[in-house]
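Novice: I would like to see how this sequence folds:
(one chain, ligands or ions: 2)
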Amino acid sequence: MTSLEKQAIANYKKAGEITAGAQALAKQKLKVGTNLFEFAEEIEAAIRKKGGQPAFPINLSRNNVAAHYTPAFESEDAASENDVIKVDIGVHVDGFIADSASTIDFSGRHGAMVNAAEDALEKAVGLVKVGLEVGRIGKEVEATLKAAGFRPIENLSGHGVGVYDAHTPPSIPNIDNKASTIIEDGVAFAIEPFATDGKGYVREGSQAEIFQIKEKRPVRGQEARKILEFVEQNYKTLPFAERWVQRELKMTDFARKVGMRELMQKGCIMAFPLLKEEEGKTVTQAETTLVMHEGKVIHLL
Ligand code: MN
Ligand code: MN
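Specialist: Ligands and ions are numbered 1, 2, ... in the order given. Here you go, the predicted structure:
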């Protein structure tokens, strides 16, 4: 790996600062009763105002949903007093991404699970150095979560972040899978432990609000073409929310659905369905992004 350019490091650091600011704002603004659509739009607007762009739609997955929930346009979904909400925020500056998550427990019943994910993250981050095998991170995460009485979610993991690419190798496990990939200099990556009182395994739900361009292929319908052009110009190869398309393109619901369906059927875009633990179980998450630079670890937030 070549050493990162000065500008790349500056962009990463700025993305990290904006992400930290967005997390702080989220903590302050998210209350029982808060409309999640309005909240999501407010946090994403704050990111843009600071000179960043959302690297993906803010994820506000609740309770047994581990990841990939973002509110639909003008959704009535609101935070309830029983909710455990994972606030997962990504910001990019010229494509350089910081990815972070924290968990807010309105129920007051899952503080230990919130702390377990945070502890696991802190311990894992403490191990990181150039040359570390990623399996060592998974081992630490699993041991920390189990010692606190919870399970890691085995099929969710941290990941490298690339330029305009929110998920690249290496995969950073949350279990002791002995993965021997080495953390190399010049790599940026997110560590993200998920703790649960469920099985420790998530399945895809049927709902999806988050999509990403997969492959540019010719499409016939004018709705599909319009959406594809808009997404390419504004979000490139990063994940986007259907509500962003709806807000900006102001097509009818029918036209947008026709366009999105064609893009899915032709394989131009892919969906990120909700990822769910068992019904009635809870998931917590903590996440941060690190950059390995000239033998040192830069903490983006
Ligand atoms: Mn994240
Ligand atoms: Mn992530």
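
Novice: only C-alpha atoms from now on, for both contacts and neighbour counts.
Specialist: OK.

Novice: tell me the SS of the residue of the chain most remote from its centre?
Specialist: Largest separation from the mean C-alpha position in the chain: R220, at 32.1 Å (CA atoms, centre = their mean). Secondary structure, DSSP: H, G, I helix; E, B strand; the rest coil: R220 is coil.

Novice: also P57?
Specialist: Classification of P57 by three-state DSSP places it in coil.

Novice: how many residues are close by it?
Specialist: By other CA atoms under 10 Å, the residues close to P57 number 28.

Novice: and if you look at the one 10 residues further on?
Specialist: Neighbourhood size, A67 [other CA under 10 Å]: 25.

Novice: same question, the one 5 residues further on
Specialist: By the criterion of other CA under 10 Å, A72 has 19 neighbours.

Novice: if I look at the residue nearest to A148 when sequence neighbours are not counted, how far off is A124?
Specialist: Distances taken as CA to CA, 6 or more residues apart in numbering put A116 closest to A148, at 6.2 Å, once the chain neighbours are dropped. Taking CA to CA, to the nearest Å as the measure, A116 and A124 are separated by 12 Å.

Novice: can you check I58 too?
Specialist: Taken as CA to CA, the span from I58 to A124 is 24 Å.

Novice: with A143 instead?
Specialist: 11 Å.

Novice: near ligand 1, which residues of the stretch 51-200 of the chain are found?
Specialist: 88, 99-100 (CA under 5 Å from the ion).

Novice: circling back to that earlier point, neighbour count: A143 and A124, which is higher?
Specialist: Looking at A143 and A124 with other CA under 10 Å, you find the greater number of neighbours at A124, namely 22 against 19.

Novice: that one touches I137, doesn't it?
Specialist: Yes. In terms of CA atoms under 8 Å, A124 counts as a neighbour of I137; the distance is 5.3 Å.

Novice: what does stretch 120-131 rub up against?
Specialist: Stretch 120-131 has contacts (CA atoms under 8 Å, 6 or more residues apart in numbering) with 137-138, 140-142, 144-145, 182-185, 191-193, 286-288, 292, 295-297.

Novice: and with 7 Å instead?
Specialist: 137, 140-141, 144-145, 182-185, 191-193, 286-287, 295, 297 (CA atoms under 7 Å, 6 or more residues apart in numbering).

Novice: before we move on, what about stretch 158-175?
Specialist: 55, 95-97, 134-135, 137-139, 141-142, 152-154, 157, 188-193, 237-238.

Novice: list the buried residues in that stretch.
Specialist: 158-167, 170-175 (16 or more other CA atoms under 10 Å).

Novice: repeat that for stretch 107-114.
Specialist: 110, 113-114.

Novice: which ones are touching the residue of the stretch 151-300 of the chain found nearest ligand 1?
Specialist: Closest approach between the stretch 151-300 of the chain and ligand 1, counting by CA to the ion: E287, at 6.4 Å. Contact analysis of E287 by CA under 7 Å, 6+ apart lists 100-102, 121, 190-193.
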